[in-house]
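**Q** okay, structure incoming, though there's no sequence with it:
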């Protein structure tokens, strides 16, 4: 039922509609069927009734004595006369059949047009509402009434798609609103402090120094935020770098930067890094993910606590785990920690320098590598984040290298110790 | 005039407070919603500069509570928001905010809007207050008597502005302390009396009469006619 393109282009608007095509199809099929039936009936009749034109057996001319007029009378045999009647009947039947078929064809066109229109009306409704929705707002739905038939399913599918689109757009809008909010606050700090300092012609050096310190703090914060926003934007797509990465080496390198900051807060950074675990991906991105987790841990963990960092592999999956003895995350917030700009305590973590994007970046990096990140946390006990990544397809790396399982992490902790201080590192529940 | 600045970004709140204090306002600062509601319930603020996005108690909720507490002259609320969506602004204005300013803002615009809000209650349209032969231009921070400029300190200026916004009314020491001094002022010192005294002396130096008279046992009054 798909006419060639050159034909479609020449047709008038109404003849291009699916309604027109269905009408043609319907009436052609109906006409064909009727023609077959009529032809069959006709043939059966032709075979059973032998019809032939007749010629008279003999002719007699009769003349009237009175009026002196003469008529010629043809005489037929009875059998021949029957055949003659049959022949006339068949001819009439044929003519009527052709007529009836013609009427049927015209009628079927009309009926087909009406029926196709009725059947397709919900589609018209779906189209017009969908067009309306995309022009106005995505929060509306088609909500096609009627029984749960194919068209209703189509409309429901559209509705489900609209809901997903709506959610995606809403998330995007929220992100832009959040990002502008986060960028405007440090801007407002800079501008107001500069305005106030400039407006005072007698400002003393201490006051100016204070203003400059505040401006520096705010611009540092903006710089971090812009970095993180760019990192998020760049990693929207799947990773482009596909190089084999020695996970242990990358993690060790990333964690080196945190030895000093951790020591400054008297935090012990335990590292249990398994050698020879190779994953495929972007080395810098993976280092950044580890750095983000460690940064959070170092920032939030209480002084004189312990942060454990470990890597390993289990079957065809590699893992990186970071566990702290920090404040932990309330169960109701655990789904939201990976959301962009989510903060457990807005005021505190912003002042500490958190942008609210660190964990969102971690999740994005894990997912762009075909992996995932899991969190186990108990308020007041600590949090542990585990990044799971598929290991590279080199046979040497999938062996029994490194600790056997994440649960054997942290050689310094006894099982009882571990149970007390942090949730165990189990594989993520899937 | 007493202002409460509610803003969780300490660096921003402190700068706004510093700038407003220099303009002669008595400024208190609250760093979260709870603190703001507490302070607003204890003190009678003329203007509240309120960030909408606050920890603990949302700015909108703070506006609602301030409005619920309003008795007598309403507190004017200027909301500061880093969100520029129209919906946020509409919600804020509907919930009782009087004006809004989108961050980052020009500090001069903030002070101009604060002045405009204060003028609403006084029922005037310009920035210049005039009572008798005293003129006070709050945007240029100048006060004159008989065309002669008065050398006022910020506190004296603020005190004179408060008197001039309520000419003819008897203002007690507690009210002056409440509206012209911030929460750091010690209510048991005679700071109000001393400042009124220096203000009166400067006014007398510039003219031939004393426009601020003492109403014994009740307070002070700025005479409408010299």
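**A** Cool, got the structure. Computed from a prediction, not measured in an experiment: that's the story for all the values here. Numbering: from 1, shown residues only, chains lettered A, B, ... in the order given.

**Q** tell me the phi and psi of residue B:136?
**A** Here is the backbone geometry of residue B:136 (degrees, to the nearest 10): phi -130, psi 120.

**Q** run a quick neighbour tally on it.
**A** 23 (other Cβ atoms under 10 Å in any protein chain shown). For the C-beta atoms, the positions are set from N, CA and C on the backbone; glycine is no exception.

**Q** correct me if wrong: it contacts residue B:161.
**A** Yes. The pair residue B:136 and residue B:161 passes the contact test of Cβ atoms under 8 Å, sitting 5.8 Å apart.

**Q** can I take it that residue A:308 is in a strand?
**A** Yes. Assessed by DSSP: H, G, I helix; E, B strand; the rest coil, residue A:308 belongs to a strand.

**Q** that one contacts residue A:301, doesn't it?
**A** No. Contact between residue A:308 and residue A:301 fails when scored by Cβ under 8 Å: they sit 10.7 Å apart.

**Q** so what sits against both of the two?
**A** Contact criterion Cβ atoms under 8 Å, 6 or more residues apart in numbering or on different chains; residues shared by residue A:308 and residue A:301: residue A:324.

**Q** neighbour-wise, which of the two wins?
**A** Taking other Cβ under 10 Å, residue A:308 and residue A:301 do not tie; residue A:308 has more neighbours (26 against 23).

**Q** which bits of chain B sit near chain A?
**A** B:8-12, B:15-16, B:18-19, B:22, B:31-32, B:53, B:55, B:80, B:82-85, B:102-108, B:110 (Cβ under 8 Å from any Cβ of the partner chain).

**Q** so residue B:8: helix, strand or coil?
**A** Under three-state DSSP, residue B:8 comes out as coil.

**Q** what's around residue B:32, how many residues?
**A** Other residues close to residue B:32 by other Cβ under 10 Å number 19.

**Q** what does residue B:132 give?
**A** Residue B:132: 17 neighbours (other Cβ under 10 Å).

**Q** contacting residues for it?
**A** Counting by Cβ under 8 Å, 6+ apart, residue B:132 has contacts B:211, B:223-226.

**Q** doesn't residue B:220 lie inside a strand?
**A** Yes. Per three-state DSSP, residue B:220 lies within a strand segment.

**Q** give me the phi and psi angles of residue 148.
**A** Picking chain A for this. phi -80, psi 70.

**Q** chain B is the one I meant
**A** phi -100, psi 130.

**Q** which parts of the stretch 51-200 of chain A are helices?
**A** Ranges of helices in the stretch 51-200 of chain A, per DSSP state H, counting those that start in this stretch, are A:78-135, A:150-199.

**Q** nearest to chain B, out of those helices?
**A** Proximity to chain B, assessed across the helices of the stretch 51-200 of chain A by Cβ to the nearest Cβ, is greatest for helix A:150-199 (3.5 Å).

**Q** tell me the centre residue of chain B?
**A** residue B:1 (2.4 Å; Cα atoms, centre = their mean).

**Q** list the contacts of the nearest residue to that residue once chain neighbours are set aside.
**A** Nearest residue to residue B:1, sequence neighbours excluded (Cβ to Cβ, 6 or more residues apart in numbering or on different chains): residue B:46, at 4.7 Å. If you count contacts by Cβ under 8 Å, 6+ apart, residue B:46 has them with B:1-3, B:73, B:75-76, B:118, B:121, B:179.

**Q** before we move on, back to that, okay, the helices of the stretch 51-200 of chain A in CSV with mean neighbour count, distance to residue A:260 and mean pLDDT next?
**A** Output for the helices of the stretch 51-200 of chain A, formatted as CSV (neighbours: other Cβ atoms under 10 Å in any protein chain shown; distance: least, Cβ to Cβ, whole Å; pLDDT from 0 to 100):
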stretch, mean neighbour count, distance to residue A:260, mean pLDDT
helix A:78-135, 14, 55, 85
helix A:150-199, 17, 26, 87
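
**Q** go through the helix or strand residue A:35 falls within and flag the buried ones.
**A** Using DSSP states H and E, residue A:35 maps to helix A:18-48. By neighbour count on 16 or more other Cβ atoms under 10 Å in any protein chain shown, the buried set for helix A:18-48 is A:19-24, A:26-27, A:30-31, A:34, A:38.

**Q** specify the angle between that helix and helix A:78-135 in degrees.
**A** Per axes from the mean of the first three to the mean of the last three Cα atoms, to 10 degrees, the angle that helix A:18-48 makes with helix A:78-135 is 170 degrees.

**Q** all good on my end, thank you.
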